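In: would you be able to build a 3D model of this:
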Amino acid sequence: MSIIKCPECGHEVSTKAPTCPNCGVAIQNNIKRCPICNNLVLMDAEQCPHCSARFLVEKTGPAPAPLATPAAPVAAAAPILAAVSPTASAPEEQPLPTPKEPSVPTRPEAESSGPSTDGTSPTPPKKEKSSPWWLLVLAIVMVAVGGFFYFSYRMHEATEEKDYESLKNCTEIENYQDFINRYPESRHIENVRSRLKELQRIENEWRSACNAKDSRQLQDFIDQNPTSIHKSAALFKIDSLDWLEADRKGSAAAYNLYIERHEDGEHIGQAYIERDRASVREAKARLDSINAAQNELRDSLAFVQAGIPAAQ
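Out: Model (predicted):
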């Protein structure tokens, strides 16, 4: 007699017990051992619930053979015909027939739960091949990562095009340099670099014109670069230089020249006032000169009439 686990409910029970005290299934002379995985199954089972091996059950005898010492475990085998010798009234256990070892394995063994309950140590069965679920997971991850990178690339490309469009009417050197730093592999990089080089040239010319402090050189800068961001500053500087020149001369002609060049100049109002003052001064000066010449002529005639030679 030995203690086994009920093949129906797993409760420990004696091999001599008529039925399992837990689930009531017949135990004595109603148990056989699977030749594939060496686990206990019911005698009328047509398929092992552990390794799925199928049996051919003979139902002609009055009673199944009693439980015997487990046969040697087999590594792998095809479905086995479990032959059972019916023994109706045998009081003692009869050994189960040892199945022939198949030559070609056709099914992997199910998992083993360790040594059997009757003290023998069966050979661990081979694990069944798991379904390639990880391939599906890997494919999903790859699609997700690929979609993320594609979306990021499209967003980067859209931002690049937007920034490039903003440079079309831009004259700020810093914006062009920032575009080059952010998008060094852009398909517009050569155009941006060319425009940056042109802006740097204009910047150098502007500095040179400012340092010269000559209104003509500043006007040449405006004529050559009519869209430069420095145009307003150049016009203001020309206005200031021309006003200083007119004020230095102080003549009506100089103020008139300023008025002709700068109808909307910063000093246009003062220029009109100073021109009128200069005109009055100049007219008075001319009148004084005429009066002086007349007086000198009158004095000369008076000397002649008096017979006194005119003073040399």
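In: quick check: S228 vs I238, distance?
Out: 14 Å (C-beta to C-beta, to the nearest Å). Any C-beta I mention is one placed from the backbone N, CA and C, and that applies to glycine too.
In: more neighbours, these two?
Out: Using other C-beta atoms under 10 Å as the criterion, S228 and I238 rank with I238 on top: 22 against 18.
In: could you pull up phi and psi at T19?
Out: Main-chain dihedrals, T19, degrees, to the nearest 10: phi -140, psi 160.
In: tell me the pLDDT of Y272.
Out: At Y272, the pLDDT value in this model is 91.
In: where does it fall, secondary structure wise?
Out: Element membership of Y272, judged by DSSP states H and E, is helix 268-305.
In: which positions in that helix come out as buried?
Out: Using 16 or more other C-beta atoms under 10 Å as the test for burial, helix 268-305 gives 271, 274-275, 278.
In: what residue ranges in the stretch 1-150 of the chain score low on pLDDT?
Out: Along the stretch 1-150 of the chain, segments meeting pLDDT under 70 span 1, 56-131.
In: contact partners of stretch 194-203?
Out: Among residues not part of stretch 194-203, those counted as contacts by C-beta atoms under 8 Å, 6 or more residues apart in numbering are 167, 171, 173, 176-177, 180, 225, 228, 230.
In: the residue lying closest to K231 once chain neighbours are set aside: neighbour count?
Out: Spatial nearest neighbour of K231, chain neighbours left out: I222 (5.7 Å); criterion: C-beta to C-beta, 6 or more residues apart in numbering. Neighbourhood size, I222 [other C-beta under 10 Å]: 16.
In: and for S240?
Out: Neighbours of S240 (other C-beta under 10 Å): 16.
In: so where does it fall, helix or strand?
Out: In the assignment (DSSP H and E), S240 maps to helix 231-249.
In: who are the packing partners of that helix?
Out: With contacts defined as 3 or more C-beta pairs under 8 Å, 6 or more residues apart in numbering; DSSP states H and E, the packing partners of helix 231-249 are helix 189-212, helix 215-224, helix 252-261, helix 268-305.
In: which strand or helix spans the spatially most central residue of the chain?
Out: Nearest residue to the geometric centre of the chain (C-alpha atoms, centre = their mean): S152, 4.1 Å. Using DSSP H and E, the element containing S152 is helix 133-166.
In: which of the residues in the helix or strand just after that helix are buried?
Out: Per DSSP H and E, the first helix or strand lying C-terminal to helix 133-166 is helix 173-182. Within helix 173-182, the residues that count as buried by 16+ other C-beta under 10 Å are 176, 179.
In: which residues does helix 173-182 contact?
Out: Against helix 173-182 from outside (C-beta under 8 Å, 6+ apart): 163-164, 166-167, 170, 186, 189, 192-193, 195-196, 199-200, 203.
In: filter these to the buried ones?
Out: Buried subset of those (neighbour count, 16+ other C-beta under 10 Å): 163-164, 167, 186, 192, 195-196, 199, 203.
In: between the residues you listed, which is closest to L138?
Out: Distance to L138 across those (C-beta to C-beta) is lowest for S186, with 34.3 Å.
In: for that closest one, phi and psi?
Out: Taking degrees, to the nearest 10 as the convention, S186 sits at phi -70, psi 150.
In: same check, this time on V13
Out: Recorded main-chain torsions at V13 are phi -150, psi 150, according to degrees, to the nearest 10.
In: quick one: it from L42, how far?
Out: In terms of C-beta to C-beta, V13 sits 13 Å off from L42.
In: per-residue confidence at I180?
Out: At I180, the model reports a pLDDT of 90.
In: got it, and A283?
Out: pLDDT, A283: 90.
In: now do the one 10 residues further on
Out: According to the predicted model, the pLDDT of A293 comes to 87.
In: for S14, give its distance to G24.
Out: S14 is 15 Å from G24, where distance means C-beta to C-beta.
In: quick check, nearest of the buried ones among the contacts of helix 173-182 to E263?
Out: Among those, E203 lies closest to E263 (C-beta to C-beta), at 29.6 Å.
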